[in-house]
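Colleague: everything below, folded, please.
(3 chains)
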Amino acid sequence: MPTVMWFRRDLRVNDNPALNAAIESARESGDGTVALMTMIDSALWPTWGAAKQAYLVDSLQELNASLDGYLTVCHGDPRDEVVRVAVAANATEVHCAADFTTIGIERDREVGELLAAHGIKLVITGSGYAVAPGRVLKPDATPYRVYTPFYKGWLAHGWRAAAPYVGPAQWISPVPSVPLPAVALPVGMQRSLAGEAEAMRRWEEFRSNGVRDYKELRDRADLDGTSRLSTHLKWGEVHPRTLLQDLGDSPGEEHFRKELAWREFYADVLFHNPHTITEYLNPAFAEMEYDRGPIADARFEAWTQGKTGYPFVDAGMRQLLTEGWMHNRVRMVTASFLVKDLHLEWQQGAAWFFELLKDADYASNQHGWQWTAGCGTDAAPYFRIFNPVMQGQKFDPDGEYVRKYIPELRHIEGSKVHEPWLLPDGYAQGYAERIVDHHVERDESLRRLQAIKRD
DNA sequence: TTTTGAGTTGTTCGA
DNA sequence: GTCGAACAACTCAAA
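Modeller: Now for the predicted structure:
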């Protein structure tokens, strides 16, 4: 009997356990007929920025090409569309990979029930993680809440070897595919390369070059020292265990493995605490004093547009606007600024990031923000407040990153660009004045943190 | 059960 | 300019 493969966040053919399962099941029970489908979810799509939309469209085109053009694209609600495709294909099974977000779990439960009403089974195989969320537990069978012990447990748990592609099969198109949306990118935004082949090309490049200096250079905003694999991982264009099996034990490789483990740790934390997609992991922080009203709104607007008057922060926010991506170090600095300098709630910043980031993933995004806000995992120093000037001087020592994204500061040479207020011509090209004084707001943040500690 | 050691990513101040 | 200590105290993991 035919099967259906439903692609979601696993837009690849290699090392795709769900795709393999769909093919093998179809072969075992028939002639190996498989329908391939994916969704443009009409509820989610309009909430995304153009960079993210364009990336998904490009990635789906790449996937379609590697499936001989047989990928059926549907538009609407998966609760309707998956059933429609499965019935049209006369399938007995729909295959997909596990989605561990709250929204995904609920959606898959509902789709599973709707399919069952037609006598069709929803079969979930594999996930986008080396170790599925929920699998790594302490000896007392409760989940970890601290990264380092989790990492040790995760390593000890281990993972399966990559699964070689068993296709192609007898592809079919049971219903017409809708055209992929045409996404107009904002002026000046560059389209980034999407798809499985590009993910592997980038991985090979990083393996042979970047990973050697990864530990030292990953924090430098002005250099290409990161893996730049986050978006490929987010959309499942490559499976993390494909990367892990190629990784050795040099300092750079060890550090990169730990970064992959962070992704798995946050997925695990979110799985065990699904409410933390919107709520504070540490509930005490919900009681903290946050700014609201017209001034707070105006400051948030300035932050989103890269007009806070702090060059390193503004460069990051403009990189986000123009590229749909931001350097990891700068994400922390900009997030810290929103929470500690503007006294706004992390959810507001996280929502902005989620809309614009091509690599936006609920677990990594929300818990990265919670970590910065001090309410997440790692109860460490509550006084960890980033100084936006010092961070700029340290991680963009020549000011190249700032000048790249802020034309109003291009006339300033070297690291002086991080403090335009010290220069007679600092504002000559119309750069924004500082909206707050970091030293004042730092003290204010410490005061508000004190207040919730005493409760 | 109790105790002990440790916790991604920082900043400031004073010597 | 560099360096170490202080910041202030909590939760988690493991012995």
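Colleague: average pLDDT for stretch A:179-189?
Modeller: For stretch A:179-189, mean pLDDT rounds to 86.
Colleague: repeat for stretch A:225-245
Modeller: 97.
Colleague: quick one, phi/psi of whatever residue of the stretch 151-300 of chain A ends up closest to DNA strand C?
Modeller: Proximity of the stretch 151-300 of chain A to DNA strand C (CB to the nearest atom of the strand) peaks at residue A:152, 5.9 Å away. Using the backbone N, CA and C atoms, a C-beta is placed for each residue, glycine as well. Taking degrees, to the nearest 10, you get phi -60, psi -40 for the backbone angles of residue A:152.
Colleague: what about it, how many neighbours?
Modeller: Residues lying near residue A:152 (other CB atoms under 10 Å) number 13.
Colleague: repeat for residue A:76
Modeller: That count, for residue A:76 with other CB under 10 Å as the rule, works out to 15.
Colleague: so what's it up against?
Modeller: Listed by CB atoms under 8 Å, 6 or more residues apart in numbering, the contact partners of residue A:76 are A:39, A:40, A:41, A:42.
Colleague: dump the longest helix anywhere in chain A to CSV, restricted to CA.
Modeller: Determined from DSSP state H, the single longest helix within chain A is helix A:251-272. C-alpha atoms of helix A:251-272 as CSV (Å, rounded to 0.1, in the frame of the first residue of the first chain):
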residue,chain,number,x,y,z
PRO,A,251,39.7,21.8,21.2
GLY,A,252,37.7,23.4,18.4
GLU,A,253,35.8,20.3,17.6
GLU,A,254,35.1,19.6,21.3
HIS,A,255,33.7,23.1,21.6
PHE,A,256,31.5,22.8,18.6
ARG,A,257,30.2,19.5,20.0
LYS,A,258,29.2,21.4,23.2
GLU,A,259,27.4,23.9,21.1
LEU,A,260,25.4,21.1,19.4
ALA,A,261,24.7,19.8,23.0
TRP,A,262,23.3,23.2,24.0
ARG,A,263,20.8,22.9,21.2
GLU,A,264,19.8,19.5,22.6
PHE,A,265,19.8,20.7,26.2
TYR,A,266,17.4,23.6,25.5
ALA,A,267,15.1,21.3,23.5
ASP,A,268,15.1,18.9,26.6
VAL,A,269,14.4,21.8,29.0
LEU,A,270,11.5,23.0,26.8
PHE,A,271,10.2,19.5,26.5
HIS,A,272,10.0,19.1,30.3
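Colleague: which helices and strands sit right next to the helix or strand just after that helix?
Modeller: Following helix A:251-272 in sequence order, the next helix or strand is helix A:294-305 (DSSP states H and E). Other helices and strands packing on helix A:294-305, by 3 or more CB pairs under 8 Å, 6 or more residues apart in numbering; DSSP states H and E, are helix A:311-323, helix A:346-356.
Colleague: how about residue A:39, what does it touch?
Modeller: Contacts of residue A:39 (CB under 8 Å, 6+ apart): A:6, A:8, A:73, A:74, A:75, A:76, A:78, A:81, A:82.
Colleague: ok, now which ones touch the last one?
Modeller: Read it as residue A:82. Taking CB under 8 Å, 6+ apart as the test, what residue A:82 contacts is A:4, A:6, A:37, A:39, A:74, A:94, A:111, A:114, A:115.
Colleague: one more: the third one?
Modeller: Applying CB under 8 Å, 6+ apart to residue A:73 gives the contacts A:37, A:38, A:39, A:40, A:60, A:64, A:177, A:178, A:179, A:180.
Colleague: hmm, try it at 7 Å
Modeller: Counting by CB atoms under 7 Å, 6 or more residues apart in numbering, residue A:73 touches A:38, A:40, A:60, A:177, A:178, A:180.
Colleague: next one: the fourth one
Modeller: When contacts are counted by CB under 7 Å, 6+ apart, residue A:74 is found next to A:37, A:39, A:81, A:85, A:178.
Colleague: how close does it get to DNA strand B?
Modeller: Using CB to the nearest atom of the strand, to the nearest Å, residue A:74 is found at 36 Å from DNA strand B.
Colleague: host element of that residue?
Modeller: With DSSP H and E as the criterion, residue A:74 is inside strand A:71-76.
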